[in-house]
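> Quick one: sequence plus predicted model below, questions after.
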Amino acid sequence: MADNKSTDTARAMSKSALLQELAQTTGLERKQVGEVLDALENVIKDQLGKTGPGIFSLLDLVKIRVVTKEARKAGVQPNPFKPGEMMEVKARPASREVKVVVLKGLKDLSEG
């Protein structure tokens, strides 16, 4: 029986390979492609930062958004796994998480 995780499986594209592929596809210099990707990174950081709207959509591929979770006080609440029992809940500070949602452009790749 063959092992699915053999050494000849395809690997993820490195940053260098990505720059080279985009340069060949677009006809731009590799340095220019790097500058475009750096600018895209800065735009995403600005949009997801504390002063930005907290959401960024990259074409029809992915949507990146920031989810803010409120602080929670310590206390006692019902145990969801043992009905009728109470459990101690630790305090938790407020936090921000980045969530990535796959959009139609990438979902279509998995169908077929």
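Alright, I've got the coordinates. Bear in mind the structure is a predicted one, so any value in this text is a computation, not a measurement.

> From here on, just use CA atoms for contacts and neighbour counts.
Fine.

> Can you mark which positions in the top helix by length along the chain are buried?
Selection of the longest helix in the chain by residue count, based on DSSP state H, yields helix 30-48. When burial is assessed from 16 or more other C-alpha atoms under 10 Å, helix 30-48 yields the following buried residues: 30, 33-34, 44, 46-48.

> If the residue most central in space within the chain is in a bridge, with which residues?
The central residue of the chain, meaning the one whose C-alpha is nearest the mean C-alpha position (C-alpha atoms, centre = their mean), is V100 at 3.9 Å. V100 forms beta bridges with I64, as assigned by DSSP bridges.

> what's the domain layout of this structure?
Domain assignment for the chain by automatic domain parsing gives 14-53, 66-107.

> Export these to CSV and append columns for mean pLDDT.
Listed next are those as CSV, based on pLDDT from 0 to 100:
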stretch, mean pLDDT
domain 14-53, 92
domain 66-107, 91
